Every structure is written in C-alpha cells, then in structure tokens.
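[1] when you get a sec, could you give me coordinates for this:
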Amino acid sequence: MPLDSEAESLVRVVALKNALDHGGKAQLDAVMSKLLGSRPDLRSSIKSLIPDIKALVASVNAMSAADQKKTLEEIAPGELVAKKQVEQKSPLPPLEGAEHGKVVTRFPPEPNGYPHIGHAKAAIIDEEYARMYGGKLILRFDDTNPLKEKLEYYEAIAEGLEWLGVKPDIVKNTSDDIAILHDYGKRLVNSGGAYVCTCSQDRVRDLRAKGLACECRADGVDVAGRLEKMFAGSYEQNEAIIRFKGDMADPNTAMRDPALFRIIEGDHPKVGKKVRVWPTYDFAAPLEDSLDGVTHAMRTKEYELRNALYFAILDRLGLRKPAMIEFSRLEFEGMPVSKRKIRPLIDSGTIKSWDDPRLPTLSAFKRRGFVPEAIRKFVLSLGLTLAETKPPFEALEAFNRKIIDPRCMRLYFVRDPVEVRVEGAKEMQVTLKNHPTDPSLGSRKVRVADRLFMAGDDAQNLKEGDELRLIELYNIKVAGLERQDGRVRAVRAVMGGDEIRQSMPKVQWIAKNDIVEFQVMIPKALYAGEEYNPDSLEVAKGGVESFAAALAPGAQVQFVRFGFCRIDRSNTAILTHR
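    Next up, the predicted model:
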C-alpha cells in the first residue's frame, strides 16, 4: 500500500529536518522511527511502505543544503524556527566579546596522523561556537613540517570531520600562505624582534635551560647577511634557525628565545621541494589566526605557557589579536591519543591500521560501532572544563547505547558453544522478533529440532535438575552433563513446561542446523600505565545464527546477553560495548 498524503508530508518534513542535522544526508532509520512514533497505526504495514519512504529520503538527500532549507521553510516554516531556538540553547558558555554574525573560529590539525577523539572535541567545540553565533569555522591544515605530513592524513582528517558532521565554511592550508609567513618573519628580524641563530641544537637547548643568551643575539651581528643566507638556501638543515628575541631570564621557558623558523629538507605533500624554510607552530598559529580573521582561538590547555609568545609575536608585528579560549585535552584511560605512543605500534606492525578498534582514532570509533551523534553529545556534555581529568569511557558508551539501542536487532551469538540434546523435542519452526518493541525491524524464522547450542559459560554453571528458559523457545530441564577435562562438553535435557518464572535462567541458543562459525573482537585498554598491553585485543570464538552471518559489514546488532556489536567482515564482528 502507498503512503497516504498525511504520512508522505510527514516523511518529507522529517527527512528535511534530519538532513539539515546530518550534513545534508537524512538517515532512513531515524525518519522511519519518527514516522512510526507519530503514526503508530502504520506499524502493521511498515514493510510495504519502506520503498516509498526510501524514495522520499533519497529525493531529499539529492538536494543541496540550501534547497533543503528553502523547501523546509516553504512546507513547514515553524520547524526551522523551532530548530533555531534549540540550537541557541548550547551547553557551552557564551564567548566574551562575541558579536552575532562576526565570530570566526578555526580548527588547525597537523596532517601527521589520523584524527582522534581529542581532535573531535576541538572540532566540535569550534563548530558549536561558530554556529551559536552565526559565524564561520575555518579548517586549516597546519602543514609546516614536510617530514611528518602525508596526503593520506589530509584526507583522513577531512573524512573524519565529515563523519562527525562537522562542516567547515573555509578549508585552507598554512602552506598556502608560506610566502606571507616568510615576509612577516623577515619583518620581525629586521625590526629587531627576532634573529638568525647558527648555534648547534645542543647549545641552544643548554643555554635556554640556563637562561643565557648566545652570541648570535648580540649587537653587531650581520643581521641582513644572515637573513639573506637563511632564505637564499646558503645554510644547510640544522645550521641555522630564526629565534624570537624574548627574555632569556623569563621563568616561562617558552619565552626564552624559541625557534620561529627552521630549515627542513623534505618533499612537502602540497608544495614539493620549493620551500626549505618552514615556520614553527609558535609562529604560524598566531599569524594565521590574525590574518584569517579568527576572533576566538581555542586550543587545549597544554599550550598554556605558549600563550604569552602567541600574543608577543602579534604585538611585535602590530597585528590584531584574537581572544584565546582554553580547554582540557580529551583522552581515555588506557587509550592515549599521543602519536608518540601510537605511531611506533603502527610502524612496527603491532597494530595493522589506524582504524584498529583499540585506538582512539575516529576511524577506529566508526569501525567499532560508535555513532557521531554520541560523540558530539558526549563532547558537549564535558563543556569547557580545564580540569585535567580523564572522563570514564563508560560515559561515552552510555550516550552511544541510548542512540543505537532502539535500532539494533537482537540476535544470538553463543561463545564456545556446547551442544544440547533435548529429548522429546519435535522439529518446529519458530518466529523470533528482531527487536522486542519495534516491529519495523522485522523477524526471522528458524527451524529447530532436538539439537541446539548454548554458550559455554552458561553450560559450565549447570547441574543436573536445573530448569532454564531458552529465550523465545521453551523451557528445558537438565537430565545429564557430559564432561571432559573438568568442563561440560554436552548437555542432555528434557522438555520442561511453558511457565516463565522470574528466577529461571534465560539463555540464548542456536539450532544445530542454523549455526555458523563466528568470532567477535573485544577491544580492551591499549596501554597499561606507560606500557603497551599485549592482551588489549581478545577474540571470542563461537557461532551465530545464519541470519546474523548474512548481514553486510557495517550492520549494528545486539547479541543478546553479550553486547552491542558492529559487523566488521565475513564471520567477524567487533564489540562496541556492553
């Protein structure tokens, strides 16, 4: 049966709203859930309506974001007003000095690895403030070290942000402005605010620790000559750097003449070998922020001591200064975001890829079964705290569970299966609901006779005479147990009654003629303290129903009494969380 006009209008409005919330792409399951919530009378016929709903969602997703907004304004103007009112109620505190329509924020990742949960926090906060004030978000790749950066990482960051639903208004690279940065660097040296230093790295490090200046800073040094050699290519790598002329006695060591430019011989992924003199983050960040029109620069508290340098550079060059907002870095216990701890594992092959489910990368969270809405809600729940505490991973799991629970099919997985022989059981076909409360997720039919499997842990706890309920099937009573090496290897049972008692154990099962070999990867803490945990990935081997084994990679399910999982590949899933 086709959708009636009222339902069709509702689907179109819901799809348009959902698309505007998710980067222009409405999600079919969310649209269907909203439809059934508003029109419960359609539940019994939902299967026949799915083609029409899919077609409407596809037509909305084919529209540009501007057309989606325009169409929603035309057919349901009140929805956009309500949406705007909701958006204004942000959990983040107001920005000091912010003017609506004039706020500009930036997210400046270095393309030297895959984006992680810490990047997600920064990007979401940057975007949230830009949207809160009707401003702009700049994605600026801080690509000033050709020895560490790869095109692969630019793409990974862009894909990670797209998955999160973070949509920058402007995308650029710091390397795009290299000539401008060179010009300002020369101005700073010529005005006496910086100098070319030819001391060795060890000597620079030693003098900075002691708070002593080197002879390169002294009056009478050929400033113009050294500066020309620096940019003409006369110095080799590590022979010279440009240093800020700060205060060598400053208790803040970041102000003790830090490096602003260095010579790096390398093939840059964007500009090749045309550039040898590259700015450090300390110089590029304040310059780019000022020149890009950033009004509020947000970064993690680890840069706190470098804020004085940030503003001193802009003062020396007479450039506009953005407001600086700090927040704590986000990482979880046992899941460090530091590339110093992750990259050696990748390089050595201990971890095969950046989407390994034990990692804190966004690609790993996606592969594991976390959804971007949960990450956004979790990040915003933390606010802008400066406290250097690691939030419990269970908090993120709770947000994710709440979102995926209504749309995950309940299927059966039995770990370390043990065969159960049910005496007197006749072959029968049973219909199992894929979800206890949502009929739109359908059902499956299973033929079961007198042989089936239960999870090994359930079998080990049995004793003769026990009664238990095979979920959605019938009760059985244990008549005998076969053991080998102290473990139950088979169970002999007889049919029990149909009464379901509260105290009765309820276990999942799989018919012998329907079981398919399967395994579930269980991610655990990657690090124990400062050491890599070699037991950080457990593999649970067992069997699933043939229905589950046929699901496509990416499908999210809940294996009953085991946990929420995401199908990873043929005969393998990854545990998202319990």
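
[2] point out where this structure drops to low pLDDT.
    Confidence mapping of the chain against pLDDT under 70 gives the ranges 1, 37, 40, 78-89.

[3] ok so Arg421 is a strand residue?
    Yes - judged by DSSP: H, G, I helix; E, B strand; the rest coil, Arg421 forms part of a strand.

[4] element containing the nearest residue to it once chain neighbours are set aside?
    Excluding the flanking residues, the one nearest Arg421 by Cβ to Cβ, 6 or more residues apart in numbering is Arg492, at 5.3 Å. Backbone N, C-alpha and C define where each C-beta goes, glycine included. Using DSSP states H and E, Arg492 sits in strand 487-495.

[5] which other helices and strands contact that strand?
    Packing partners of strand 487-495 (3 or more Cβ pairs under 8 Å, 6 or more residues apart in numbering; DSSP states H and E): strand 418-423, helix 456-460, strand 475-484.

[6] export these to CSV and tack on distance to Ile241 and mean neighbour count?
    Below are the helices and strands packed on strand 487-495 laid out as CSV (distance: least, Cβ to Cβ, whole Å; neighbours: other Cβ atoms under 10 Å):
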stretch, distance to Ile241, mean neighbour count
strand 418-423, 68, 19
helix 456-460, 62, 18
strand 475-484, 71, 16
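
[7] relative to Arg401, which of those is closest?
    Shortest distance between Arg401 and these, using Cβ to Cβ, is found for helix 456-460: 22.4 Å.

[8] helices or strands up against that closest one?
    Using 3+ Cβ pairs under 8 Å, 6+ apart: helix 456-460 touches strand 413-415, strand 418-423, strand 487-495.

[9] please repeat the previous calculation with a cut-off of 7 Å.
    strand 487-495 (3 or more Cβ pairs under 7 Å, 6 or more residues apart in numbering; DSSP states H and E).

[10] C-terminal to the strand it packs on, what's the next element?
    strand 506-507.

[11] partners of that following strand in the sheet?
    When pairing is defined by DSSP bridges, strand 506-507 lines up against strand 467-470 (parallel).

[12] ok, residues contacting the partner strand?
    Asn475, Ile476, Lys477, Gly496, Ile500, Met504, Pro505, Lys506, Val507, Trp509 (Cβ atoms under 7 Å, 6 or more residues apart in numbering).

[13] tell me how far that strand lies from the chain's centre.
    Strand 467-470 sits 41 Å away from the centroid of its parent chain (Cα atoms, centre = their mean, to the nearest Å).

[14] I'd like the distance between the residue sitting furthest away from the middle of the chain and Tyr195.
    Ranked by distance from the centre of the chain (Cα atoms, centre = their mean), the top residue is Gly220, with 53.7 Å. From Gly220 across to Tyr195, the span is 12 Å (Cβ to Cβ, to the nearest Å).

[15] again, but for Arg203
    Counting by Cβ to Cβ, the gap between Arg203 and Tyr195 amounts to 15 Å.

[16] between those two, which has more neighbouring residues?
    Counted by other Cβ atoms under 10 Å, Arg203 and Tyr195 do not tie: Tyr195 has more neighbours, with 23 against 12.

[17] now that one: closest residue in space that isn't a chain neighbour?
    Distance criterion Cβ to Cβ, 6+ apart; nearest residue to Tyr195, sequence neighbours excluded, is Arg217 at 5.4 Å.

[18] circling back to that earlier point, JSON lines please, covering the helices and strands packed on strand 487-495 and showing distance to Asn571.
    Converted to JSON lines, the helices and strands packed on strand 487-495 look like this (distance: least, Cβ to Cβ, whole Å):
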{"stretch": "strand 418-423", "distance to Asn571": "20"}
{"stretch": "helix 456-460", "distance to Asn571": "18"}
{"stretch": "strand 475-484", "distance to Asn571": "26"}
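
[19] can you say which of these is nearest to Ala254?
    Comparing the helices and strands packed on strand 487-495 against Ala254 with Cβ to Cβ, the closest turns out to be helix 456-460 (55.2 Å).

[20] quick one: residues in contact with the closest one.
    Helix 456-460 is contacted by residues Arg415, Asp416, Pro417, Val418, Arg487, Val488, Val491, Val507 when judged by Cβ under 7 Å, 6+ apart.

[21] give me that answer again for 10 Å
    For helix 456-460, contacts defined as Cβ atoms under 10 Å, 6 or more residues apart in numbering pick out 414-420, 453, 468, 478, 481, 483, 486-491, 505-509, 542, 561.

[22] need the buried ones from those residues selected in ChimeraX.
    Applying 16 or more other Cβ atoms under 10 Å to the contacts of helix 456-460 leaves a buried subset, and the ChimeraX line that selects it is:
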select :414,415,416,417,418,419,420,453,468,478,481,488,491,506,507,508,509,542,561
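
[23] the residue nearest to Arg421 pairs with what?
    Beta bridges link Arg492 to Arg421, Gly480 when assigned by DSSP bridges.

[24] 44 is where my numbering starts, stick with that
    With 44 as the first residue, the last one maps to Arg535.

[25] quick check: it vs Glu507, distance?
    Arg535 is 9 Å from Glu507, by Cβ to Cβ.

[26] so for the two, which residues contact both of them?
    By Cβ under 10 Å, 6+ apart, Arg535 and Glu507 have these common neighbours: Val521, Ala522, Gly523, Leu524.

[27] leaving out sequence neighbours, find the closest residue to the last one.
    Take Leu524 and drop its neighbours on the chain: the residue closest to it by Cβ to Cβ, 6+ apart is Val531, 5.2 Å away.

[28] please parse this protein into its domains.
    The record's domain parsing of the chain by automatic domain parsing lists 48-131, 134-371, 382-450, 452-498+547-621.

[29] quick one: the helices in the stretch 294-443 of the chain, in order.
    For the stretch 294-443 of the chain, helices defined by DSSP state H, counting those that start in this stretch occupy the ranges 324-334, 350-360, 382-391, 405-411, 415-425, 436-447.

[30] nearest to Lys60, of those?
    helix 415-425 (14.1 Å).

[31] how distant is that closest one from the center of its chain?
    The answer for helix 415-425 is 10 Å, by Cα atoms, centre = their mean.

[32] so what does that helix touch, helix or strand wise?
    Helix 415-425 sits against helix 160-175, helix 194-207, helix 405-411, helix 436-447, with contacts defined as 3 or more Cβ pairs under 10 Å, 6 or more residues apart in numbering; DSSP states H and E.

[33] switch to 8 Å and redo it
    Counting contacts by 3+ Cβ pairs under 8 Å, 6+ apart, helix 415-425 packs against helix 160-175, helix 194-207, helix 436-447.
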